[in-house]
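Novice: Turn this into a model:
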Amino acid sequence: GQFKTAGLGVLEATPNTRLELVSPSDNLVAHLSAMTVNHGGVDLFEAKKSKLGQDPLRADADPELVWQSFRKSRKSVGMLLMDQSVIAGLGNIYRAEVLFKAGVHPEQPGNTISEAAFASIWDIS
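Specialist: You can find the predicted model right below:
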């Protein structure tokens, strides 16, 4: 989110403005803005979930689906690990740690790593 301050009449509320603080005596206004959230039922959940890759922390995750994505891609291994449609849940810090522990350079193309190297990446993830 963002927190902005300005003189009265300078800031305009947007659809993302969640809080407006006004001090006429100080000629000051402040806006706190944040993203909106879509609320929905099972249909919305399933639609969002269908766009995510496999989560290595879930017992029902299928590493073979991720391996197939790696084998087909010339993107770097580091970029593939950051792509939430390939593998869900890893952030940049974990990506770096996983690749360091697996001994794989983050710029190596995904389609050039061995299946053993991928298995190590998956297991560490």
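Novice: Make sure I have this right: residue 29 is in a strand.
Specialist: Yes: under DSSP: H, G, I helix; E, B strand; the rest coil, residue 29 falls within a strand.
Novice: Tell me what it is bridged to.
Specialist: When assigned by DSSP bridges, residue 29 has beta-bridge partners residue 6, residue 22.
Novice: Check what contacts stretch 66-85 and list those residues.
Specialist: Applying Cβ atoms under 8 Å, 6 or more residues apart in numbering, the contact partners of stretch 66-85 are 51-54, 86-87, 90-92, 95, 98-99, 104-111, 113, 115, 118, 121-122, 125. C-beta coordinates here come from the backbone N, C-alpha and C atoms, glycine included.
Novice: Could you do stretch 13-23 as well?
Specialist: If you take Cβ under 8 Å, 6+ apart as the criterion, stretch 13-23 is touched by 1, 8, 28, 29, 30, 31, 32, 33, 34, 35, 36.
Novice: Just the buried ones from those residues?
Specialist: 29, 31, 33 (16 or more other Cβ atoms under 10 Å).
Novice: now, which of the residues you listed sits nearest residue 12?
Specialist: Within the buried ones among the contacts of stretch 13-23, the smallest distance to residue 12 is 8.7 Å, found for residue 31 (Cβ to Cβ).
Novice: Could you pull up the contacting residues of that closest one?
Specialist: 2, 3, 4, 5, 11, 13, 17, 19, 20, 21 are the contacts of residue 31 under Cβ under 8 Å, 6+ apart.
Novice: In TSV: the residues you listed, plus pLDDT.
Specialist: Shown next, in TSV, are these (pLDDT from 0 to 100):
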residue	pLDDT
2	88
3	91
4	93
5	94
11	90
13	90
17	91
19	92
20	93
21	94
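Novice: Counting neighbours, which of those end up buried?
Specialist: Of the contacts of residue 31, these count as buried by 16+ other Cβ under 10 Å: residue 11.
Novice: Just send the contacts of residue 31 back as TSV, with secondary structure and distance to residue 79 too.
Specialist: What follows is these, written out as TSV (DSSP: H, G, I helix; E, B strand; the rest coil; distance: Cβ to Cβ, whole Å):
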residue	secondary structure	distance to residue 79
2	strand	28
3	strand	32
4	strand	33
5	strand	38
11	coil	38
13	coil	38
17	strand	35
19	strand	37
20	strand	40
21	strand	41
